[in-house]
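A.B. asks: Below are the sequence and a predicted model for it; my questions follow.
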Amino acid sequence: MTIVDDTTVRVRTEVEAPIARAFHVFTAEIGTWWDDDKHILRAPLAEMVFEPFVGGNIIDRGVDGSECRWARVLVYEPPDRVCFSWDITTGWEIETDPARTSEIEVAFTEITPQRTEVVLTHSHLDRHGDGWQGMRDAVAGGWTLEPYASRIDRANAVLGRALPVVTDATMHERLGQAATYTAVLLHATEAFNGPTARATVWEHGRRNMALSEAGLLHVVLPANDDSDLAGIGIFAATPEDTRTIMDDDPGVRAGLFTYRMHTVRGFPGAALH
C-alpha cells in the first residue's frame with residue numbers, strides 16, 4: 001500500500017519474519033532485493049553495501065571499482081528503526097548539499113514473534129527544489145517494498161520457515177566455543193580412472209572409516225560432480241599430523257589422489273544428518 005501526502009510518500013507491508021530478521025534483510029541484505037534498475041552508478045553493479053552505523057553510507061560499487069555513495073545513515077536503531085538520506089537530485093545525480101536531500105525512515109513493528117509490519121516513509125521531498133514533485137511521483141511508484149517482501153518469502157520457502165533470530169550475545173558465545181580443525185580437499189589424478197584403481201579406492205574408503213571411528217576424521221564428503229574434486233575431509237588434528245595421515249593414505253601413495261590442506265574453525269553442534 002502506497003500513500004502520497006504532498007511532500008511525503010509512505011508504503012507499508014507485512015513480512016513473515018521476526019522483527020530482527022526483517023530489519024537485517026532490509027539493511028545488511030539490501031543488495032539481495034533492491035531492484036537492479038534503480039541505481040545511478042554508471043558501471044554494472046558488483047555489490048550494494050549498507051554500513052550499519054550512524055554516519056555510514058549506502059554504497060553501490062561497480063564491477064570496475066567505482067563507487068556511488070547515495071545515502072547517509074542518519075539513525076540506526078536495530079531492530080526497530082533506521083533512517084537514511086536520499087542524496088539524489090531531481091536529475092538523478094548525486095546531491096552534495098545535505099540541505100537539498102530528503103529522508104527515508106523505515107519502522108519495524110512486531111505483530112507476532114514471526115511476523116513484522118514494515119513502514120517506509122520518504123519525507124521532505126520538497127527539499128530537492130525545482131522539480132521535486134516529479135521525484136515524489138517517481139519514488140511513489142518505486143517504493144513498493146514488494147521485492148523486499150518477496151526476498152523474505154523466497155528464503156522462507158527454501159528453508160520451510162522463517163530464520164530464527166541470532167543475537168549478538170549468541171554470536172559471541174558460539175564464536176568463543178569454536179575449535180580448530182584441518183580441512184583436506186582431495187583431488188583425483190588421471191590415474192584414478194586406471195584399471196587397477198578400484199581396489200585401492202576401496203581400501204582408501206576403509207581407512208577413512210577407521211579414522212572416523214578413531215575420532216580423527218569428523219566429516220567425510222565424497223564429491224559427486226564432474227570436477228576433479230574427489231572429496232572433502234575435516235580432521236580433528238593439527239596440519240602436521242594431518243599431513244602424516246594423508247601421506248600414508250593408500251590412494252595418495254598410489255598416485256590416485258593429491259590433496260590440499262586448510263586450517264578451519266568449526267562450531268559445537270555442527271553435524272551431518
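C.D. replies: Good, I have the coordinates.

A.B. asks: which residues touch Arg42?
C.D. replies: By C-beta atoms under 8 Å, 6 or more residues apart in numbering, the contact list for Arg42 reads Gly62, Ser66. Heads up, the C-betas are built off the backbone N, CA and C, glycines and all.

A.B. asks: Doesn't it belong to a strand?
C.D. replies: No: counting by DSSP: H, G, I helix; E, B strand; the rest coil, Arg42 falls outside a strand, being coil.

A.B. asks: Tell me the pLDDT of it.
C.D. replies: Arg42 carries a pLDDT value of 86.

A.B. asks: Would you list the phi and psi of it?
C.D. replies: Per-residue torsions, Arg42: phi -70, psi -40 (degrees, to the nearest 10).

A.B. asks: Likewise for Gly65?
C.D. replies: The phi/psi pair for Gly65 (degrees, to the nearest 10) is phi 90, psi 0.

A.B. asks: separation between it and Ala71?
C.D. replies: Counting by C-beta to C-beta, to the nearest Å, the separation of Gly65 from Ala71 is 20 Å.

A.B. asks: Report the spatially nearest residue to the spatially most central residue of the chain, omitting neighbours in sequence.
C.D. replies: The C-alpha lying nearest the average C-alpha coordinate of the chain belongs to Glu29 (C-alpha atoms, centre = their mean; 6.4 Å). Excluding the flanking residues, the one nearest Glu29 by C-beta to C-beta, 6 or more residues apart in numbering is Arg151, at 7.2 Å.

A.B. asks: host element of the one you found?
C.D. replies: helix 146-159 (DSSP states H and E).

A.B. asks: From the chain's centroid, how far away is that helix?
C.D. replies: Centroid displacement of helix 146-159 relative to its chain, using C-alpha atoms, centre = their mean, to the nearest Å, is 14 Å.

A.B. asks: After the helix or strand bottoming out on mean pLDDT in the chain, which helix or strand is next?
C.D. replies: One helix or strand of the chain scores below all others by mean pLDDT, DSSP states H and E: strand 2-5, with a mean of 79. Using DSSP H and E, the helix or strand that follows strand 2-5 towards the C-terminus is strand 8-15.
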